[in-house]
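1. attaching a predicted model along with its sequence, questions to come.
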Amino acid sequence: MIYLDNAASTQLDEEVLTAMMPYLKENFGNAQSQHSAGRACANAVSAARDKIASLAGCAADEVYFISGGTEAGNTALKGVCATHRKGHLVLSSIEHASLSESALDMKKLGFDITFVEPEKDGAVRAENVLKAMREDTIFCAVMAANNETGVIQPVEEIGKICREKGVFFYADCVQSAAYMPLPVNYADGIGFSSHKFYGPKGAGALILKKGSKVFRLISGGMQERGFRGGTVNTAGIVGTAVAYERACASRNEVNAYVKDLRDGFVARVLKEIDGTHLNGAPEKTLPSIANISFEGCDGENILFLLDLKGICVSTGAACAAGAASPSETLTSMGCGLKHAKSSVRFSFGKHNTKAEADETLNCLKFAVDKIRNNR
Ligand code: PLP
């Protein structure tokens with residue numbers, strides 16, 4: 001198998017699994033329990049929290065362990081709405097469904113929303129976010145990097161605007177966390193998922209700036225200082241800390257390796273296959289993602305033909321897979337419907353090789369030719 005869908009999920013690192021194993025086997029206690037088995041888990045969770053805080057550059061009590069990016073986004077957005085009871089939300093139109101759907105849920109409860117579109121290059125402009133703000137704006141969400149195009153967003157500038165206006169700013173860092181530092185000095189809320197950087201699924205963190213007023217989403221026991229009920233996922237949390245530590249330690253090396261692979265692949269696709277277009281400004285993207293449109297093809301058909309050859313790619317976000325409508329991200333960048341429907345996302349990771357990129361290019365040529373010529 002050639003796996004070029006690392007933006008959807010990544011393979012668990014062996015070292016991460018090794019660190020998690022004791023908490024799946026012998027140290028299986030409940031971190032909330034008063035006895036030694038519980039304390040062993042509570043200590044591991046506490047050490048993981050300290051590690052993430054020190055790598056991220058925030059305080060340990062600003063880190064909340066949650067199930068991943070979806071829960072982080074829901075908690076921040078709905079938690080701010082629950083605090084204010086009414087008001088206006090500003091979101092980029094390219095947010096992940098965990099934010100946009102949460103906002104639409106809140107609209108049903110009476111909150112107003114303004115969606116800010118990106119420019120043709122895939123990046124939202126801070127001045128347009130500012131223009132969208134109102135007296136009653138309480139929340140703003142702009143992701144650090146988009147999951148479909150990889151385009152990096154100006155979260156630092158937007159965060160400064162939000163701070164001046166007293167608006168809670170949430171930066172979804174699910175895609176960027178492996179590749180860039182977290183914007184802890186500019187965002188009030190930050191979320192990430194461990195499985196995007198070779199960690200376990202169903203685990204991640206929400207970092208909330210001290211003093212921010214966010215009502216809890218999940219009520220229950222006193223876990224996560226009463227903010228998030230539910231038995232603590234000790235193994236997932238230990239795995240999250242080890243995976244994040246490894247991602248930070250190898251960031252420069254992995255970024256350079258992945259970028260080289262991705263750039264080489266993109267250059268050959270654009271040169272060797274006619275009617276191909278890269279979506280999103282290349283100089284603004286994460287090193288890992290290439291979103292390419294193929295004239296005269298449906299992206300889904302390319303995906304299926306590549307899959308037959310054992311190559312895994314995607315058309316847009318994994319959670320929107322199977323959706324009949326074209327990508328909201330691409331259409332809001334100004335791509336026509338046909339152009340958007342003809343796109344394929346290739347997302348590289350540290351385990352991919354040049355030989356895999358070359359093999360993918362060959363299969364891609366075959367697939368595009370087959371579709372265009374109805375063979
Ligand atoms: N935000 C972004 C930008 C994502 O790409 C994803 C998942 O792909 C999520 C949030 C949700 O993460 P999870 O499915 O791990 O909850």
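-> Good, I have the coordinates.

2. find me the pLDDT at the residue nearest to the spatial centre of the chain, would you?
-> Residue closest to the average C-alpha location in the chain (Cα atoms, centre = their mean): V174, at 2.6 Å. Here the pLDDT value assigned to V174 is 98.

3. list the contacts of the residue lying closest to it once chain neighbours are set aside.
-> Excluding its sequence neighbours, the residue lying closest to V174 (Cβ to Cβ, 6 or more residues apart in numbering) is G69, at 3.8 Å. C-beta: built from backbone N, CA, C; applies to glycine. Shown in contact with G69 (Cβ atoms under 8 Å, 6 or more residues apart in numbering): 96, 98, 172, 174, 191-193, 196, 204.

4. OK, contacts around M106?
-> Per Cβ under 8 Å, 6+ apart, neighbours of M106: 77-78, 81, 89, 113.

5. tell me the spacing between it and the ligand.
-> From M106 across to the ligand, the span is 17 Å (Cβ to the nearest ligand atom, to the nearest Å).

6. same question, V129
-> V129 sits 17 Å away from the ligand, taking Cβ to the nearest ligand atom as the criterion.

7. now do V269
-> For V269, the distance to the ligand - Cβ to the nearest ligand atom - is 23 Å.

8. likewise L91?
-> 12 Å.

9. cool, A123 as well?
-> 15 Å.

10. quick one: secondary structure of that residue?
-> With DSSP: H, G, I helix; E, B strand; the rest coil as the basis, A123 sits in coil.

11. circling back: now, the contacts of G69 that are in helices?
-> Of the positions in these, S98 sit in helices, assigned by DSSP state H.

12. the chain: strands as residue ranges?
-> 2-3, 63-66, 88-92, 112-116, 137-141, 168-172, 189-193, 204-208, 276-278, 289-294, 311-312, 343-347 (DSSP state E).

13. export these to CSV and append columns for mean neighbour count.
-> Listed next are those as CSV, based on neighbours: other Cβ atoms under 10 Å:
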stretch, mean neighbour count
strand 2-3, 18
strand 63-66, 24
strand 88-92, 25
strand 112-116, 17
strand 137-141, 26
strand 168-172, 29
strand 189-193, 30
strand 204-208, 28
strand 276-278, 17
strand 289-294, 25
strand 311-312, 20
strand 343-347, 27
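
14. looking at those, which is nearest to T234?
-> T234 lies closest to strand 63-66 among the strands of the chain, at 9.5 Å (Cβ to Cβ).

15. can that closest one be said to contact the ligand?
-> No. On the criterion Cβ under 6 Å from any ligand atom, strand 63-66 is out of touch with the ligand, staying 8.9 Å away.

16. show the contacting residues for F227.
-> Counted by Cβ under 8 Å, 6+ apart, F227 has contacts 64, 216.

17. next one: phi and psi at it?
-> Recorded main-chain torsions at F227 are phi -90, psi -30, according to degrees, to the nearest 10.

18. re earlier: so can I have TSV of the strands of the chain showing distance to A48?
-> Output for the strands of the chain, formatted as TSV (distance: least, Cβ to Cβ, whole Å):
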stretch	distance to A48
strand 2-3	27
strand 63-66	8
strand 88-92	31
strand 112-116	35
strand 137-141	26
strand 168-172	21
strand 189-193	14
strand 204-208	9
strand 276-278	38
strand 289-294	28
strand 311-312	30
strand 343-347	27
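
19. G204 pairs with what?
-> G204 has these beta-bridge partners by DSSP bridges: I66, S193.

20. tell me the spacing between R345 and E295.
-> 17 Å (Cβ to Cβ, to the nearest Å).

21. can you give me the domain assignment for the protein?
-> 2-10+251-369, 14-249 (automatic domain parsing).

22. please identify the most buried of these.
-> domain 14-249 (a mean of 20; mean count of other Cβ atoms under 10 Å).
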